[in-house]
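Q: Sequence unavailable; structure follows:
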């Protein structure tokens, strides 16, 4: 499954309906990661192929979403995105956590294991 690009509307359906709920309430079934990126951002381009690979390796275990911060300014503001890329790691239970910058693949794998409680085996 390819990475899914979210708009404000699909974000509210699949991740968090921030207009209805002040308290964090995850709408998804699988742990997820949201990549806040922009087309002009160099480090974002470095992360893109890593996320593509991970989406294959963790297929049916983790949903990987992308949000274009230029197109979806409101979503970026809701999450206080200051620098990109920013990754929102979302466990099924518990609070999401944000990581900034272009992470190497092993950092994603570690976060998937530690934060999302998902391993590839």
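A: Yep, it's here. Note that the structure is predicted; figures quoted are calculated from it, not measured.

Q: mind listing the helices for the chain?
A: Assigned by DSSP state H, the chain shows helices spanning 8-14, 42-57, 73-78, 105-114.

Q: Find the centremost residue of this structure, please.
A: What sits nearest the mean C-alpha location of the chain, by C-alpha atoms, centre = their mean, is residue 34, with 1.2 Å.

Q: Tell me what that one is bridged to.
A: Beta-bridge pairing of residue 34 under DSSP bridges involves residue 65, residue 88.

Q: pretty sure it is in contact with residue 66, am I right?
A: Yes. Using C-beta atoms under 8 Å, residue 34 and residue 66 qualify as a contacting pair, with a distance of 7.4 Å. (C-beta placed from N, C-alpha, C; glycine too.)

Q: any common contacting residues for the two?
A: Taking C-beta atoms under 8 Å, 6 or more residues apart in numbering as the criterion, residue 34 and residue 66 both touch residue 6.

Q: neighbouring contacts of stretch 46-63?
A: 1-4, 14, 28, 30-33, 35, 37, 64, 66, 85, 102-105, 108-109, 112, 116, 118, 120.

Q: swap the cut-off to 10 Å and go again
A: 1-4, 14-15, 28-35, 37, 41, 44, 64-66, 84-85, 87, 89-90, 101-109, 112, 116, 118-120 (C-beta atoms under 10 Å, 6 or more residues apart in numbering).
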